[in-house]
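A.B. asks: got a predicted structure here, sequence first:
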Amino acid sequence: MKEQRHRILCAVCALALVLTAVLAPAAWAADGAGVVQDTAKPTLTTGDAAEMQQADAAVTALTGSDEYEQMSREERLTAALAELDELTRKGLVRRDSIRTDEENGMVSFTYRCGVLGGILLTLPDELDEMTFDAGDNGLRAPRDIAQRTPRTEMPLTDDVRQAAEARQYRENALPETIGRAAIYYAFDNTVNSSRFPYYSYMQGFWEGMGLRTTMNTRVTLSDLRRMNKYDLCILSAHGAYYTYSYGTFWKHTRTEPIILLTEASTLYKDIIYGFDLLAHRIIKLNGLYCVTADFFRNAYRSGQLSNTIIYSETCEFLGVTNSVDESMAEALLAGGARTVLGYVNNVYTVYSRSMLWDTVNHLAMGQTIGRALAHAKDTYGENDIIWYTEQGGRRPHAAAAYLVLYGDENARLNVPENFSLEERAEAAEDMLADVLESAA
């Protein structure tokens with residue numbers, strides 16, 4: 001009896017070994033009708049990149065068409081699923097990886113090689129509207145905001161006005177440069193942009209305050225690996241929550257915040273970024289690159305972001321209400337950043353840039369980032385619904401967006417301690433006019 005039981009156990013073990021030997025490679029080499037593999041491939045081949053480009057061409061042909069622009073969201077979803085079904089039939093996309101996330105407005109999928117991709121059901125221009133005052137959410141423009149200009153929308157508070165005057169009046173008493181900043185502008189390509197003039201205005205004014213500000217309007221993945229060159233980095237881009245499925249035998253779902261860039265995918269770049277793509281540190285939406293928290297964690301794994309302040313304007317940088325995700329902030333802090341600021345939920349455009357304007361203005365005056373943020377919240381409201389209703393808005397979006405600070409609230413720029421309001425002499429109005437004219 002013992003011998004028979006031993007033989008049965010041996011047979012079971014042998015069968016397990018056979019199944020492991022057969023199924024593991026099969027799961028790895030699954031074609032378009034297969035599932036997402038658990039383990040990323042070690043390298044991305046030229047053939048893999050070529051297949052992804054073939055799929056990207058089909059996706060961008062759909063999402064960039066006039067017909068797609070005119071479709072309702074439901075029609076776009078139907079068209080996206082039909083396109084992915086065709087790509088699956090061709091073996092370019094894994095069938096079991098396709099996942100519809102209507103709440104976040106996208107369909108995610110996995111290319112045959114294991115790289116993550118997606119199709120946005122809301123176009124970038126519509127993201128602008130939905131985070132401002134129009135679009136399918138039915139909001140109405142508060143008062144005259146839609147007709148405002150940078151100078152009228154973002155007036156100077158009295159203390160900042162005095163600081164600008166004092167800098168002109170006492171130029172020799174202040175350091176020529178109080179720090180270096182970079183605006184990573186990736187909302188759009190700046191052509192006929194309703195957003196960009198505001199950022200150009202801010203850049204010019206901050207330059208006048210001694211904050212040497214670089215404007216990057218063609219943000220690439222490589223640029224995001226060099227943020228350690230600056231004291232203040234401003235991430236001005238769209239953000240989203242990306243949900244995808246993974247697992248060979250047991251399916252799991254994961255959702256994480258991502259930052260959307262305007263850098264288009266190419267075969268050459270896919271190969272260069274291959275390791276990050278396979279490790280899911282980079283994702284492709286509508287043929288454009290996006291980054292996850294792991295991208296920053298890997299890029300700055302040696303702590304190169306020492307003493308840098310990171311200010312993110314992206315929607316859902318910290319997730320959403322009841323599902324706050326601190327992975328972006330944690331990754332940047334682990335990379336050496338001294339302070340990280342970002343939003344929970346989708347944020348109104350005007351509120352976001354007003355908060356940025358006031359916060360950085362007071363940083364440039366010598367305040368700590370904590371005090372500067374507190375001043376901005378006192379001026380514009382603790383969250384964007386407070387701001388919206390105060391502007392006369394009547395139909396706010398469902399969840400209020402609010403800015404959270406992680407890290408050292410005492411971080412500051414290189415402004416002398418004695419550069420105080422009490423010591424600033426009043427200057428002529430034309431001196432202030434010169435500063436504002438140069439910023440316009």
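C.D. replies: Good, I have the coordinates. Because the structure is a prediction, the values reported are computed rather than measured.
A.B. asks: can you give me the strands in the stretch 101-250 of the chain?
C.D. replies: 106-110, 116-120, 179-185, 211-216, 232-236, 239-246 (DSSP state E, counting those that start in this stretch).
A.B. asks: of those, which is nearest Thr60?
C.D. replies: Counting by CB to CB, Thr60 lies closest to strand 116-120 out of these; the figure is 9.7 Å. All C-beta spots, glycine's among them, are computed from the backbone N, C-alpha and C.
A.B. asks: now that closest one, how far from the chain's geometric center?
C.D. replies: 15 Å (CA atoms, centre = their mean, to the nearest Å).
A.B. asks: contacts for it, please.
C.D. replies: Residues outside strand 116-120 that contact it (CB atoms under 8 Å, 6 or more residues apart in numbering): 52, 55-56, 59, 62-63, 80, 83-84, 93, 105-111, 240, 242, 244, 280, 283-286.
A.B. asks: show me the strands paired with it, marking each as parallel or antiparallel.
C.D. replies: Next to strand 116-120 in the sheet, as set by DSSP bridges, lie strand 106-110 (antiparallel), strand 282-285 (parallel).
A.B. asks: tell me what angle that strand forms with strand 239-246.
C.D. replies: Here strand 116-120 runs at an angle of 130 degrees relative to strand 239-246 (axes from the mean of the first three to the mean of the last three CA atoms, to 10 degrees).
A.B. asks: pick out the shakiest of the strands of the stretch 101-250 of the chain, pLDDT-wise.
C.D. replies: Mean pLDDT is lowest for strand 239-246 among the strands of the stretch 101-250 of the chain, at a mean of 85.
A.B. asks: phi, psi of the residue sitting nearest the centre point of the chain?
C.D. replies: Geometric centre of the chain, nearest residue: Ile259, 2.5 Å, by CA atoms, centre = their mean. Backbone torsions for Ile259, taken as degrees, to the nearest 10, come to phi -110, psi 130.
A.B. asks: do Thr389 as well
C.D. replies: phi -70, psi -30.
A.B. asks: next one: Leu221
C.D. replies: The phi/psi pair for Leu221 (degrees, to the nearest 10) is phi -60, psi -40.
A.B. asks: state the pLDDT value of it.
C.D. replies: pLDDT at Leu221 comes out at 98.
A.B. asks: repeat that for the one 10 residues further on.
C.D. replies: Looking at Asp231, its pLDDT stands at 97.
A.B. asks: so who does it touch?
C.D. replies: Listed by CB under 8 Å, 6+ apart, the contact set of Asp231 reads Gly179, Arg180, Ala181, Asn307, Thr308, Ile309, Leu413, Asn414.
A.B. asks: counting neighbours, what do you get for Asn307?
C.D. replies: 12 (other CB atoms under 10 Å).
A.B. asks: same deal with Glu256?
C.D. replies: Counted with other CB under 10 Å, residues neighbouring Glu256 total 19.
A.B. asks: assign Ile386 to helix, strand or coil.
C.D. replies: Three-state assignment for Ile386 (DSSP: H, G, I helix; E, B strand; the rest coil): helix.
A.B. asks: what's the distance between the nearest residue to it once chain neighbours are set aside and Thr349?
C.D. replies: Nearest residue to Ile386, sequence neighbours excluded (CB to CB, 6 or more residues apart in numbering): Ala400, at 7.4 Å. Ala400 is 15 Å from Thr349, where distance means CB to CB, to the nearest Å.
A.B. asks: likewise Ser327?
C.D. replies: For Ser327, the distance to Thr349 - CB to CB - is 24 Å.
A.B. asks: ok, these two, which is more surrounded?
C.D. replies: Of the pair Ser327 and Thr349, Thr349 is the one with more neighbours under other CB under 10 Å, namely 22 against 17.
A.B. asks: out of the contacts of Asp231, which comes closest to Glu390?
C.D. replies: For these, the nearest to Glu390 is Ile309 (27.8 Å; CB to CB).
A.B. asks: show me where the stretch 1-150 of the chain has helices.
C.D. replies: Using DSSP state H, counting those that start in this stretch, the helices of the stretch 1-150 of the chain run over residues 2-28, 46-63, 66-70, 73-89, 124-130, 150-153.
A.B. asks: what comes up buried for the second one?
C.D. replies: Going by neighbour count (16 or more other CB atoms under 10 Å), the buried part of helix 46-63 is Asp48, Ala49, Glu51, Met52, Gln53, Ala55, Asp56, Ala58, Val59, Thr60, Leu62, Thr63.
A.B. asks: hey, C-alpha coordinates of it in PDB?
C.D. replies: Taking Å, rounded to 0.1, in the frame of the first residue of the first chain, the C-alpha atoms of helix 46-63 are listed here in PDB:
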ATOM      1  CA  THR A  46      13.200  45.900 -33.000                       C
ATOM      2  CA  GLY A  47      10.400  43.500 -34.100                       C
ATOM      3  CA  ASP A  48       8.500  44.300 -30.900                       C
ATOM      4  CA  ALA A  49       8.900  48.000 -31.500                       C
ATOM      5  CA  ALA A  50       7.700  47.600 -35.100                       C
ATOM      6  CA  GLU A  51       4.600  45.800 -34.000                       C
ATOM      7  CA  MET A  52       3.800  48.500 -31.400                       C
ATOM      8  CA  GLN A  53       4.200  51.200 -34.100                       C
ATOM      9  CA  GLN A  54       1.800  49.300 -36.300                       C
ATOM     10  CA  ALA A  55      -0.700  49.300 -33.500                       C
ATOM     11  CA  ASP A  56      -0.100  52.900 -32.600                       C
ATOM     12  CA  ALA A  57      -0.600  54.000 -36.200                       C
ATOM     13  CA  ALA A  58      -4.100  52.400 -36.100                       C
ATOM     14  CA  VAL A  59      -4.900  53.900 -32.700                       C
ATOM     15  CA  THR A  60      -3.800  57.400 -33.700                       C
ATOM     16  CA  ALA A  61      -5.600  57.200 -37.000                       C
ATOM     17  CA  LEU A  62      -8.700  56.600 -35.000                       C
ATOM     18  CA  THR A  63      -8.300  59.100 -32.200                       C
END
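A.B. asks: need the contacts of Asp231 in a markdown table with distance to Val219, can you?
C.D. replies: A markdown table is the format used below for the contacts of Asp231 (distance: CB to CB, whole Å):
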| residue | distance to Val219 |
| --- | --- |
| Gly179 | 20 |
| Arg180 | 17 |
| Ala181 | 15 |
| Asn307 | 22 |
| Thr308 | 16 |
| Ile309 | 18 |
| Leu413 | 23 |
| Asn414 | 26 |
